[in-house]
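Novice: curious how this folds, go ahead:
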Amino acid sequence: MRIVVIGGTGLIGSKVVARLGEHGHEAVPASPNTGVDTLTGAGLDEALAGADVVVDVSNSPSFEDAAVLDFFRTSTGNLLAAEKKAGVGHHVALSVVGTEERPDIGYFRAKLAQERLIEESGIPFSLVHATQFFEFAPRIADAATDGDTVRMPSVLFQPIAGEEVAEAVCKAAVGSPTNGRVEIAGPERFRMDGFFRTALAAWGDRREVVTDPDAPYYGGVMREPDLVPADGAALGTVKYTNWLATNPPK
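Specialist: Below is the predicted model of the structure:
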C-alpha cells in the first residue's frame with residue numbers, strides 16, 4: 001500500500017513512516033523538507049501520484065489564533081483537492097481530544113475547522129483524536145511559567161506517548177475508513193497540576209508548580225473534562241515514569 005504522510009519528517013510523522021515501512025508498506029514522507037508544501041500546493045500532485053492513503057499529521061508553525069486557523073484551512077483545502085485529483089481512497093488525520101467541546105479556544109477551533117473540511121470533502125476518512133503527548137510536557141510547562149513558578153489548573157489530564165499515537169495513526173491508515181473518530185489517551189489519569197509537580201521533580205527542575213484554576217491553556221481556561229477522552233477511548237500502555245526513563249527532557 002502506498003501511504004503518503006503529510007508532516008512525515010516531524011515528531012509523529014517520522015514514527016508513522018518508520019512503523020509503516022516495517023510492516024511492508026510504501027510510506028512516503030511529505031513535508032517542506034522533502035519539497036512538499038501544503039500551504040502553497042507545491043509538490044502535492046507529484047507526491048500523491050499513485051497514493052492509496054494520505055495521512056496528515058502536520059501542524060501549524062504558529063499557534064496564534066488567526067495564523068493557526070489559516071494554516072489548517074489552507075493546508076487541508078489544498079491537500080483534499082490534490083487527493084481528489086489523484087483518486088486517493090482514504091484520508092487519515094490526527095486531531096485533538098476536545099475540539100468539539102472548546103471551539104472558543106483558537107487552536108481547537110482551527111482543528112475543528114480542519115475536521116469539518118475533511119468530513120465534507122466526500123473522501124472516505126478516519127480521524128484520530130489524541131490527548132497531549134509526553135514529548136510536549138516541557139513545552140507546556142514553559143508556556144505556563146511565570147517567573148520561577150509554573151501555573152497549572154487542577155483539571156484532569158491524561159497524556160500519551162508519541163509512539164502510541166503513531167501506532168494508532170498507522171492502525172487507522174491500514175484499516176478501512178471509519179468516516180468518524182477514535183479517541184486515544186495514555187493509561188494514567190492525573191490532575192494537571194499534580195502531573196507537572198511530579199514531572200518537574202523528575203526533570204530536576206526547581207520551578208514551583210502553583211495550582212491556579214484560571215491558568216490558561218492554549219489561550220483558554222480549562223474545565224474538568226476538556227483534556228480527557230470520553231468513555232470507550234483506546235488507551236495506551238506506556239506510563240509516563242517508564243517513558244521518562246528512556247526519554248529524559250532535553
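
Novice: tell me which helix or strand the closest residue to L44 other than its chain neighbours sits in.
Specialist: Beyond its immediate neighbours in the sequence, the residue positioned closest to L44 (CB to CB, 6 or more residues apart in numbering) is A82, lying 4.1 Å away. To be clear about C-beta, it is placed using only N, CA and C from the backbone, and glycine gets the same treatment. Following DSSP states H and E, one finds A82 within helix 65-86.

Novice: helices or strands next to that helix in the packing?
Specialist: helix 44-48, strand 53-56, strand 90-96, helix 106-119 (3 or more CB pairs under 8 Å, 6 or more residues apart in numbering; DSSP states H and E).

Novice: repeat that with 10 Å
Specialist: Applying 3 or more CB pairs under 10 Å, 6 or more residues apart in numbering; DSSP states H and E, we find helix 65-86 packed against strand 2-6, helix 44-48, strand 53-56, strand 90-96, helix 106-119.

Novice: that one: how far from the chain's middle?
Specialist: 16 Å (CA atoms, centre = their mean, to the nearest Å).

Novice: what's the answer for stretch 169-185, then?
Specialist: Using CA atoms, centre = their mean, the distance from the centre of stretch 169-185 to the centre of the chain it belongs to is 13 Å.

Novice: and the strands in the protein, which stretches?
Specialist: With DSSP state E, the ranges of strands along the chain come out as 2-6, 26-30, 53-56, 90-96, 125-130, 145-146, 149-152, 156-157, 181-185, 190-191, 208-211, 216-217, 220-221, 234-235.

Novice: partners of the last one in the sheet?
Specialist: Each strand that strand 234-235 pairs with, and the sense of that pairing, follows from DSSP bridges: strand 181-185 (parallel).

Novice: pLDDT averaged over the strand it pairs with, what's the number?
Specialist: For strand 181-185, the per-residue pLDDT values average out at 97.

Novice: quick one, what contacts G8?
Specialist: Shown here is G8, whose contacts under the criterion CB atoms under 10 Å, 6 or more residues apart in numbering are 14-18, 20, 27-31, 33-34, 36, 47, 55-58.

Novice: 7 Å instead, please
Specialist: G8 sits next to 14, 16-17, 29-31 when contact means CB atoms under 7 Å, 6 or more residues apart in numbering.

Novice: most neighbours among those residues, which one?
Specialist: Compared across these, A30 has the highest neighbour count, 29 neighbours, by other CB atoms under 10 Å.

Novice: ok, for that one, nearest residue in space, not its chain neighbours?
Specialist: Distances taken as CB to CB, 6+ apart put V36 closest to A30, at 4.0 Å, once the chain neighbours are dropped.

Novice: so who does the one you found touch?
Specialist: For V36, the residues meeting the contact criterion (CB under 7 Å, 6+ apart) are 30, 43-44, 47.

Novice: ok, now I105?
Specialist: The contact partners of I105, taken as CB under 7 Å, 6+ apart, are 218-220.

Novice: one more pass at 10 Å, please.
Specialist: Going by CB under 10 Å, 6+ apart, the list of residues near I105 reads 65, 96, 98-99, 111-112, 216-222, 226.

Novice: touching, G89 and G122? I think so.
Specialist: No. At 11.5 Å, G89 and G122 do not qualify as touching, with contact defined as CB atoms under 10 Å.

Novice: among these two, which residue is more densely surrounded?
Specialist: G89 (14 against 8).

Novice: ok, that one - contacts?
Specialist: Taking CB under 10 Å, 6+ apart as the contact definition, G89 lies against 51-54, 83, 123-124, 176-177.

Novice: can you lay out those as CSV showing neighbour count and pLDDT?
Specialist: Conversion of these to CSV gives the following (neighbours: other CB atoms under 10 Å; pLDDT from 0 to 100):
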residue, neighbour count, pLDDT
A51, 22, 98
D52, 17, 98
V53, 25, 98
V54, 29, 98
E83, 22, 98
I123, 19, 98
P124, 15, 98
S176, 10, 98
P177, 15, 98
